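Peer 1: Sequence and computational prediction follow.
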Amino acid sequence: MVAGRRHRSGLLSDYLHRGRSCLSRDWKPPPRHALDHPATTLPANLAGPTPTPARAQAASRERPTPPTPPGDFATIDGAISYAQQSGFSIINLFTEHTPLNDFREAVGAEIIYLVLSHIAEIDKNASVTVTGSAMDGALTLTISALTPEASVLGGRRMGEIRALIDSVSGSVETDEQVGTWSLTAHLDPPGSAPVPEETP
């Protein structure tokens, strides 16, 4: 039992790392430097005069600061907050009636990271709504995207998303309508999964 929990925790840590990497890659491209910014490297024959301190300071003020990941990035609300800071339009209607344990919070957060990355690869401007609830350890998350690319999203494979949810004995369903695509993940309360019968 302990070994299985360690395996799931290690798998989840790997998913969390990849999920945040996807967010950083898809939603937060590094700012483009102006040609007169000292961070830009030019060949010697093309380089102009060295920027004065005043020009360098002005250019640094113009550079957008990437959002700082929240300290609670491994929670459902933290994942949504991080995605919103990264530029995604998200309405958060998720309700946590009773607190989830840290492991379930991290699973929910990673589902959000992976699904939003799945959407962003097709339509970074999609309007997203997160609904669902947590009650007595049970978790339901529905992530809906309003996008003209709904049919494309519906036809894409979701290997990592399904693998993560399967690893915690959850279920996943998708729905595609005209202009809307959604995914619903459900996790039963811990300990409620049926115990497999022993083979005689």
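Peer 2: Thanks, I have it.

Peer 1: Going by neighbour count, which residues in the helix or strand hosting residue 133 are buried?
Peer 2: Here residue 133 sits within strand 127-135, counting by DSSP states H and E. Within strand 127-135, the residues that count as buried by 16 or more other CB atoms under 10 Å are 128-132, 134. All C-beta atoms are positioned from the backbone trio N, CA, C, and that covers glycine.

Peer 1: What's the first helix or strand after it?
Peer 2: Heading C-terminal from strand 127-135 (DSSP H and E), you reach strand 138-146.

Peer 1: That following strand - contacts with which helices or strands?
Peer 2: Judged by 3 or more CB pairs under 8 Å, 6 or more residues apart in numbering; DSSP states H and E, strand 138-146 is in contact with helix 102-120, strand 127-135, strand 180-187.

Peer 1: Can you check what angle separates the last one from helix 102-120?
Peer 2: Comparing the axes of strand 180-187 and helix 102-120 via axes from the mean of the first three to the mean of the last three CA atoms, to 10 degrees yields an angle of 160 degrees.

Peer 1: For strand 180-187, list every residue counted as buried.
Peer 2: Buried-residue list, strand 180-187, by 16+ other CB under 10 Å: 180-185, 187.

Peer 1: wait, which of those is closest to residue 120?
Peer 2: Each of the buried residues of strand 180-187 was scored against residue 120 by CB to CB, and residue 181 proved nearest at 12.8 Å.

Peer 1: Report the contact partners of that closest one.
Peer 2: Contact analysis of residue 181 by CB atoms under 8 Å, 6 or more residues apart in numbering lists 119, 144-145, 147, 149-150, 153-154, 174-175.
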